[in-house]
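In: Next input, structure requested:
(2 chains)
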Number of protein chains: 2
Amino acid sequence: MKQLKYMLPESEIPRQWYNLAPDLPSPLQPPLGPDGQPIKPEMLSPIFPMGLIEQEMSPHRWVDIPDEILEILCRWRPTPLRRAIALEKALDTPARIYYKDESVSPAGSHKPNTAVAQAWYNKQEGIKRLTTETGAGQWGSALAYSCQLLGLECKVFMVRISFEQKPFRRIMMQTWGANCVPSPSEETHAGRTILEKMPDTPGSLGIAISEAVEQAAMDSTGKTKYSLGSVLNHVLMHQTVIGLEAKKQLALASEKTPDIVIGCAGGGSNFAGLAFPFVLDKINGAEIEIIPTEPTACPTMTRGPFCYDFGDTAETTPLMPMHSLGHTFVPPPIHAGGLRYHGIAPLISQGIVEGLLRPKAYDQITCYNAAVQWARTEGVICAPETSHAIAGAVDQAIQAREEGKEKVILMCFSGHGLMDLAGYDKFFAGELSDYSLPPDELKSFLEALQNLPKPPVQKTGRW
Amino acid sequence: MKQLKYMLPESEIPRQWYNLAPDLPSPLQPPLGPDGQPIKPEMLSPIFPMGLIEQEMSPHRWVDIPDEILEILCRWRPTPLRRAIALEKALDTPARIYYKDESVSPAGSHKPNTAVAQAWYNKQEGIKRLTTETGAGQWGSALAYSCQLLGLECKVFMVRISFEQKPFRRIMMQTWGANCVPSPSEETHAGRTILEKMPDTPGSLGIAISEAVEQAAMDSTGKTKYSLGSVLNHVLMHQTVIGLEAKKQLALASEKTPDIVIGCAGGGSNFAGLAFPFVLDKINGAEIEIIPTEPTACPTMTRGPFCYDFGDTAETTPLMPMHSLGHTFVPPPIHAGGLRYHGIAPLISQGIVEGLLRPKAYDQITCYNAAVQWARTEGVICAPETSHAIAGAVDQAIQAREEGKEKVILMCFSGHGLMDLAGYDKFFAGELSDYSLPPDELKSFLEALQNLPKPPVQKTGRW
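Out: Residues are numbered from 1 along each chain as shown, chains lettered A, B, ... in the order given. Here you go, the predicted structure:
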């Protein structure tokens, strides 16, 4: 009997998160406030608890995971590491493809890894309620789940068009007790302002962020905070349990360091979670190709400059040092809603600048072809975001075949696609576009970056 | 850290299925053919392969599981045994509630346990194509998945109203390469006959069975067979990996024999899978309360007589010795589509007659209340069918509290509800009915049974 999955006992769950920041060859640039000066911790305290702000700015490589968080994570962790033998066979590749299966969480993705941690740190400081935004609903449902288990209220501003067209994620959030409203809403100044100007707007993630931040910041009792599902340093750190577990599981499979590590990246959290522990190995001399993948429809890492930019459309967040397509960029309506973000995590951006990470972009048709091949070999239906990781793995496995090399490929299977089947339906009906952006179309969005401060491009030149 | 789940290594997966038939205190009555005589193996061979017919009639207690089947099952098995500590706390019960989590399979339920086995035995005999019927789609998607992995074609007749109203399960089947058509269809004599009389019929499981059986039986090449997802002896036997694993896992949790074993039962396969290994313990003297649960809207086990009845509306199947509401019974439109069947497996029926099993019925509102309490404590959203098992477990846990007894409750969590969220939505909106059938309404359906042969009621009187 061939072994197809590698499990760890609960006793082997990582007890510490890994923080890449202190190990980066060149220091991470700080986020800047409205005055152009680096953000200070207290400036973030109206919307985040101090426990998370400390993690956001932590100089420590390892941060202890509290037992109560571990206890909840152990409801589904350690997650399986699986070998994609059927796909290898179909591709006739000498590569061995392993994937870390984060789809087994109750919310169906890696998102609860940080949602549980964020809810817990807020609860420690007496917070009663969290606000957040959600697009297709992956993050909102993960936070709703986590708040329910920890006894916090949860308020989710869901982009209106998703709220109306994709009711299932909304129902999940309600089943977990969250209050989910379409954004823009009448509940916030930001929402009302938009609705006055554009009563029929379908909404956007940028508007929803503004609403969620406003409602946290304006709560006079101080018992409401805001929660973000990706991009920030502490969020990426909470996801490193993925890669730390995968390392132990590769050892169980008698594999040494993988040759290639791949994950899809929208804000960057699942990719970072798998990859960062291997980035440390690479910094220490290991030869690993580490590849974040993205859609050609929203080519932040492959075509966006490294710059300072806002995290939201309304320019309410600090300026972040990151690859960006400009905060007014509106990506085409690809099904991978979680990858439709104009920026990418600063930690990942610095990794790209250094040459530690080599991003690749794949178009929607290529990704759905990979997703269907995956479903018909590995048997699991992936989320549209995850299909970008699979497209990357297939690409590398074919390359290994052409080179005749027995490479070890490690991939993050970030989530299942059971709530996203409409995209498959359109794909089978031949109704999907590949959406590769012509160069001219980016230009106007990038112009918006001209007047913002520029981060120094720090690069040791070692990779 | 409290332990909430108990995992087994792959090496501990059961190597044999357990067949309850030879251990039943009174012998199982045979199915009868159109002539009123017991069915002979060769009479089933136009629609089933001999490997499965032998299992259907097997006198052996243990049947070896072929390695190739085990290898596929190990993609997700052994499944976790989990402890529902948060629910116990919410109910303030001294009972310890364990649940076997069958929702972790790629199709989201226990169904692939038998779908993989059935596809494999068909393949061994050179069969190229399987036909089946599906209501809400759980079974159809499990068979589509299994056929895809084993390289068989799969044809699914899906009840028309589900095909139109619930496209997601259909898309799953198509993603796994199955040909899924609405039933009644123009492809079969049975379908055409119905469509002529009732062009606007929403379809029914009974019609879909007739179409699937016809298409298998009429294939002149002999390369097409039919596959059924529950009721039959071999199907229930394939599910016993659930209970055999659970036994080992209870030992890991330092528990002896459970006091109570619970599962929901439509055709009966997930319940039997968990319960039958414990029924053997009970036959051998252990004190266990074993409870199959069903909806008050379709109270087959609690209000249907033990009788001979057809498996389908069109009277094309053999007569089965079972509890039945009559093959013309049309249950109210409850969301638990998998529990809307007029009959129940003969093995379970005989267990009820003997007093080994004590069925209970719960209404839809009670079940959704239990499902929401479950989601908000255990964190997983259950299928509407599974909510009937949860309602039973909650009931028993409250009873244990009232009696002040530390009982051990073991339950089958047969599937997740991610494809069934519309029912939750209606529940929250107060739009669901509890659907308990008044006695008069059953009467006319039961009259249809008057002219059929009667099985002898065999009962040792030991329980």
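In: switch to C-alpha atoms for all contacts and neighbour counts from now on
Out: OK.
In: Look up phi and psi at A:Y226.
Out: phi -110, psi 150 (degrees, to the nearest 10).
In: residues near it, how many?
Out: 24 (other Cα atoms under 10 Å in any protein chain shown).
In: dump the residue contacts of the residue nearest the centre of chain A.
Out: With distances taken as Cα atoms, centre = their mean, A:S269 lies nearest the centre of chain A, 3.3 Å away. Each residue near A:S269 by Cα atoms under 8 Å, 6 or more residues apart in numbering or on different chains is listed here: A:229-231, A:235-236, A:239, A:345.
In: I'd like to know how far it sits from A:S141.
Out: 16 Å (Cα to Cα, to the nearest Å).
In: and if you look at A:Y98?
Out: From A:Y98 across to A:S141, the span is 27 Å (Cα to Cα).
In: before we move on, what about A:A208?
Out: From A:A208 over to A:S141 (counting by Cα to Cα), the distance is 15 Å.
In: Of these two, which one has the most company?
Out: A:S141 (31 against 28).
In: Surely the more buried one touches A:S109?
Out: No: with contact defined as Cα atoms under 8 Å, A:S141 does not reach A:S109; the gap is 10.0 Å.
In: Pull the helix or strand bottoming out on mean pLDDT in chain A out as PDB, backbone CA atoms only.
Out: Least confident helix or strand, chain A: helix A:439-447 with a mean of 83, by mean pLDDT, DSSP states H and E. Extracted in PDB, the C-alpha atoms of helix A:439-447 (Å, rounded to 0.1, in the frame of the first residue of the first chain):
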ATOM      1  CA  PRO A 439       0.400  47.000 -20.200                       C
ATOM      2  CA  ASP A 440      -1.600  50.200 -21.000                       C
ATOM      3  CA  GLU A 441      -4.300  49.300 -18.600                       C
ATOM      4  CA  LEU A 442      -2.100  49.300 -15.500                       C
ATOM      5  CA  LYS A 443      -0.500  52.700 -16.300                       C
ATOM      6  CA  SER A 444      -3.200  54.900 -15.000                       C
ATOM      7  CA  PHE A 445      -3.500  53.100 -11.700                       C
ATOM      8  CA  LEU A 446       0.300  53.200 -11.200                       C
ATOM      9  CA  GLU A 447       0.300  57.000 -11.700                       C
END
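In: check contacts around the nearest residue to A:N19 once chain neighbours are set aside.
Out: The shortest distance from A:N19 to any non-neighbouring residue, by Cα to Cα, 6 or more residues apart in numbering or on different chains, is to A:R61 (4.8 Å). Residues near A:R61 by Cα under 8 Å, 6+ apart: A:18-23.
In: Counting neighbours, which of those residues end up buried?
Out: Using 16 or more other Cα atoms under 10 Å in any protein chain shown as the burial test, these include A:18-21, A:23 as buried.
In: ranges for the strands of the stretch 301-450 of chain A?
Out: With DSSP state E, counting those that start in this stretch as the criterion, the stretch 301-450 of chain A has strands at A:306-310, A:319-323, A:360-362, A:408-413.
In: what helices or strands is the last one leaning on?
Out: It stands for strand A:408-413. strand A:96-101, strand A:260-264, helix A:269-283, helix A:386-403 (3 or more Cα pairs under 8 Å, 6 or more residues apart in numbering or on different chains; DSSP states H and E).
In: neighbours around the closest residue to chain B within the stretch 201-350 of chain A, how many?
Out: Per Cα to the nearest Cα, A:L252 is where the stretch 201-350 of chain A lies closest to chain B, at 12.7 Å. Residues lying near A:L252 (other Cα under 10 Å) number 14.
In: for the one 4 residues further on, same thing?
Out: Around A:K256 sit 11 other residues, with neighbours defined as other Cα under 10 Å.
In: That'll do, ta.
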